[in-house]
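Asker: Next one to model:
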Amino acid sequence: MTTIPAEATKLSELTDQQKKSGLAAWLGWFFDGLDLHLYTLVATVFVAQLLGTETADPSVRKYGAFIMGAFLLGWALGGAVFGYIGDRLGRSRTLVLTVLTYALFTGLAFFAQNWWQLMIFRFLAALGIGGEWAIGASLLSETWPKKWRPWIAAVLQCAVNFGILAAILSVALMGYFVDLEQQPKWVFLIGVLPAFVTLWIRHAVPETDEWKSEAGRRQVPPLSDLFAPGIRRSTWLAVAICAISLTGHWVFMYWQQAFIKTHPGVSAVDQGGVIKWALFTVIACSVVGNFASGWAAHRFGYGRALCGFFSAYFLLMAVAFFFSWSLPVTFAFYGAIGFCQGVFGLFTMCLPPLFPTLQRTTGAGFCYNIGRVFSAIGVVFFGLVSMEIGQCLLYASFLFIPAAILALWLPQPE
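Answerer: The predicted model follows:
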């Protein structure tokens, strides 16, 4: 049995098991980000094409919101379903299943002939993406030294960010070979690539000693035990914080593209490029925010770090969308908001330790991804209301206030 050196202070002191687990989780998250944002980069054009209408048609906004809402709902269900499987089947084997799921159904989106088929494929792909989060987080929580957790969270979140940047780069490169304004479906074939990584994960990444020890001694408790005395307070707090904050976050992430596209400083010719650069700005700055939030958690604790970053997220969104700004200033606000998004990496390491070993992926997956249900409702709601998009984003910013307050009551993981 491999001994885990919790006293490790540098990379050279880590075991092979820890290094392989870290790489497997990082790659899973990297391809999460890739497959996640391939759709958002071509959403308006592809949905308009499937509907047989122009991109400015209001129905494109409506059905695009339905598709994104279904994706977020699938993300939530995937976290709960694969989290439950991961506590029974093991971390490594379940990680393979999650990656295969999102790779397969992202690729199948290429064959969608109408909007509801695309919605189904995105929903099914999201099951794997949501499941991979809980599995990867628990895998590292059980193998890497506890004192490294804030920095592990930052590195893992960077994997998602780099995956999103890879999606942007991939779409840009594909644009040289395929007219994506006419054939946007081709970008989904990029999403098949993660399937090849599962061959290595299945062969090289062992199950964690902690899971094997617990699985051999007793049965996995039912989902209802997350609300049993002793841990239900942590469950309810985590659910509330994730649901509220992720709703505000995903309203911004999805509708910011529509906002920047209609900015007075953007011409019709430049819209495609501006959308990509806006997303690039958000994600690039969030990489820095990942490590800033990790430092804050290490210095002040998870609760205070979450509170501080959520408060900043609210202030920046409120100011950005309450006033009218020039395009360069708007980009600056996008970058600052992206920096605040580093806070979501903290959930990676602060949620799993709140639960016993055989409830770890179930608990973390359920609490984090139940927020996707509410964020799905939020994205659809803001897609259907008639108010101007800037107003929608302004109102969504206020969700971070209760999230910041609740974060102060979140238990500090041991």
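
Asker: tell me the contacts of residue 78?
Answerer: 98, 101, 126-131, 369 (CB atoms under 8 Å, 6 or more residues apart in numbering). C-betas here are computed from N, CA, C, even on glycine.

Asker: Confidence-wise, which helix or strand of this protein is lowest on average?
Answerer: helix 209-217 (a mean of 71; mean pLDDT, DSSP states H and E).

Asker: Would you mind checking the average pLDDT for the helix or strand following that helix?
Answerer: Moving toward the C-terminus from helix 209-217, the next helix or strand (DSSP states H and E) is helix 232-261. Helix 232-261 shows an average pLDDT of 88 in the prediction.

Asker: give the contact list for residue 138.
Answerer: Residues near residue 138 by CB under 8 Å, 6+ apart: 86, 91, 352, 360-361, 364.

Asker: ditto for residue 279
Answerer: 37, 40-41, 164, 168, 257.

Asker: do the same with residue 249
Answerer: So residue 249 contacts 313, 341, 344, 375 (CB under 8 Å, 6+ apart).

Asker: Sort out for me which of those residues are in helices.
Answerer: Assignment to helices by DSSP state H places the following of the contacts of residue 249 there: 313, 375.

Asker: low-confidence ranges in this structure?
Answerer: Applying pLDDT under 70 to the chain flags the ranges 1-9, 215-220, 268-269, 272, 382-383, 385-386, 413-414.

Asker: Return the subset of the contacts of residue 138 lying in strands.
Answerer: Using DSSP state E, no member of the contacts of residue 138 sits in strands.

Asker: can you pick the most crowded of the residues you listed?
Answerer: Per-residue neighbour counts (other CB atoms under 10 Å) across the contacts of residue 138 peak at residue 361, which has 35 neighbours.

Asker: That one contacts residue 352, doesn't it?
Answerer: Yes - counting by CB atoms under 8 Å, residue 352 is a contact partner of residue 361 at 7.5 Å.

Asker: Report the set of residues contacting both of these two.
Answerer: 134, 137-138.

Asker: quick check, nearest of those residues to residue 30?
Answerer: residue 137 (14.6 Å; CB to CB).

Asker: what's the burial count for that closest one?
Answerer: 29.

Asker: Check the spacing between it and residue 47 real quick.
Answerer: Separation of residue 137 from residue 47 (CB to CB, to the nearest Å): 32 Å.

Asker: If we go by neighbour counts, what in the lengthiest helix in the chain is buried?
Answerer: Counting by DSSP H, the longest helix found in the chain is helix 16-51. Using 16 or more other CB atoms under 10 Å as the test for burial, helix 16-51 gives 17-18, 20-22, 24-51.

Asker: same deal with stretch 49-63?
Answerer: Neighbour counts using 16+ other CB under 10 Å place 49-51, 55, 60-61, 63 of stretch 49-63 among the buried residues.

Asker: And for it, what's in contact with it?
Answerer: By CB under 8 Å, 6+ apart, stretch 49-63 touches 44-45, 47-48, 112-115, 118, 184, 258, 383-384.

Asker: Could I get the contacting residues of residue 165?
Answerer: Counted by CB under 8 Å, 6+ apart, residue 165 has contacts 33, 280, 283-284.

Asker: mind redoing it with 7 Å?
Answerer: Contacts for residue 165 (CB atoms under 7 Å, 6 or more residues apart in numbering) come out as 280, 283.

Asker: That one and residue 276, how far apart?
Answerer: Taking CB to CB, one finds residue 165 at 11 Å from residue 276.

Asker: cool, residue 231 as well?
Answerer: Residue 231 sits 43 Å away from residue 276, going by CB to CB.

Asker: ok, back up a step: which of the contacts of residue 78 fall within strands?
Answerer: Secondary structure assignment by DSSP E places none of those in strands.

Asker: one step back: tell me the two of the contacts of residue 279 that are most distant?
Answerer: 164 and 257 (12.9 Å).

Asker: Please identify which of the two sits among more neighbours.
Answerer: Neighbours per residue, other CB under 10 Å: of residue 164 and residue 257, the larger number sits with residue 164, 26 against 20.

Asker: check contacts around the more buried one.
Answerer: Residue 164 sits next to 33, 36-37, 283 when contact means CB under 7 Å, 6+ apart.

Asker: could you redo the last one with a cut-off of 6 Å?
Answerer: Going by CB atoms under 6 Å, 6 or more residues apart in numbering, residue 164 touches 33, 37, 283.
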